[in-house]
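Enquirer: Can you look at this prediction? I've put the sequence above it.
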Amino acid sequence: MKVLVALSGGVDSSVAAAELLAAGHEVVGITMRLWGGESDTGCCSIADVDDARRVAQQLGIDHLVFNFTDDFDRHVVDPYVDAHRHGITPNPCIECNRHLKFDRLSERADLLGFDAVATGHHARIVEHAGRRWIGRGADPGKDQSYVVHMLAGRELDRTIFPIGHLQKAEVRERAAALGLRTAAKPDSQDVCFITHEGGREKFLGDRIPFRRAAVVDATSGVQLGEIGAIELVTLGQRRGLGLPGGGPKQFVVGIDTEAGVVRVGDESMLDSTETAVSLLAWPHGEPPSESFTARVQSSAHGEAPRATVTLAPSGAGAVVRWESPHRLVSPGQTAVFYDEAGDRVVGGGVVVDAL
């Protein structure tokens, strides 16, 4: 089988390519040039492209590099900036997977005549009821099923995750045994276009004007202080609010960018019973039913408590009703629905204020 494997320059994708070769497939590596600006984190630096090229040489496979910087700006960077402008906390890595690392990868596979595409994500393809689904990776600490939950239809049918059955330690052991230059390379942890030196504040400050906002008590409405950039605030935030120390802990429980107000309260005010989601994604084009019980995960490596997911009458979204009080989820983040065993992705959506 001809497989186009995404080589990011990290150890996971390197071993994914090696595993495919060992299984007898015809393999070609592809690296996507995504971010054209300064980068010292993530998987978009010049050094990462060079590492991918050298791994391909070590494995004896062809290596292609495609420039998708315009698409990356349009689908990932610009929405990221716009979301912060409106008090929303986006997940750029999920949008990159949605629009670039699978959509564009699959498109290139079609143009070049490949049978399948593969990545180094820690996720599995599982069979259930005669269909393919995304399953959790074997290593709970590295599971990435959350960030690839949107795979559906033909993309899902043709995708391979060659290392999803391995623990991370095993991946590094196999890379070391093969002498791959990425064997000891640290994992990418951060958003690739946000540098350590400047951080999110500099990145956003270079692109949008920051607006001052009043910090008020959510119960009494009394102003407690002021912050210099409402665009940098997120729900649940406790530090960096300019409040005097020594009093009870205060958390951001509401953000009103139009009014220029950040509301704070005690931690109990972060408890919620419902979460609204839109931009729904279903692996096979439709939900399990109009209302179903699921394990719902609202962060990349968080818990997945039980909840009931009910479609809105309009079909434009759904409401997640938590069985137990759940911490508020910031609009722009993602809620992924798993089966009741908590292992198989059955859908997901982007959190919104209300439907």
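Expert: Looks like it arrived, so ask away.
Enquirer: And the helices in this structure?
Expert: Remark: helices assigned in the chain by DSSP state H are 11-22, 46-59, 69-72, 78-85, 92-96, 103-112, 153-158, 168-177, 199-205.
Enquirer: Now tabulate those in TSV and tack on mean pLDDT, mean neighbour count and distance to Glu286.
Expert: Where C-beta positions appear, they are placed from N, C-alpha and C, glycine not excepted. Shown next, in TSV, are the helices of the chain (pLDDT from 0 to 100; neighbours: other Cβ atoms under 10 Å; distance: least, Cβ to Cβ, whole Å):
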stretch	mean pLDDT	mean neighbour count	distance to Glu286
helix 11-22	97	24	31
helix 46-59	92	18	37
helix 69-72	94	16	28
helix 78-85	96	18	26
helix 92-96	94	22	21
helix 103-112	92	16	20
helix 153-158	93	15	11
helix 168-177	98	16	34
helix 199-205	93	16	37
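Enquirer: Can you say which of the ones you listed is nearest to Ser268?
Expert: helix 78-85 (27.0 Å; Cβ to Cβ).
Enquirer: what residues does the closest one touch?
Expert: By Cβ atoms under 8 Å, 6 or more residues apart in numbering, the residues outside helix 78-85 that reach it are Thr89, Pro90, Pro92, Glu95, Leu204, Arg207, Ile208, Glu231, Leu232, Thr257, Gly332.
Enquirer: By neighbours, which of those residues wins?
Expert: Tallying neighbours with other Cβ atoms under 10 Å puts Glu231 at the head of the contacts of helix 78-85, with 25 neighbours.
Enquirer: which residues touch that residue?
Expert: Here Glu231 is in contact with His84, Arg85, Gly87, Leu204, Ile208, Phe210, Arg211, Thr257 (criterion: Cβ under 8 Å, 6+ apart).
Enquirer: run the last query once more with 6 Å
Expert: By Cβ atoms under 6 Å, 6 or more residues apart in numbering, the residues touching Glu231 are His84, Arg85, Leu204, Phe210.
Enquirer: can you pull up the bridge partners for the nearest residue to Thr308 once chain neighbours are set aside?
Expert: Closest residue to Thr308 apart from its sequence neighbours, by Cβ to Cβ, 6 or more residues apart in numbering: Arg321 at 4.7 Å. Counting by DSSP bridges, Arg321 is bridged to Glu274, Thr308.
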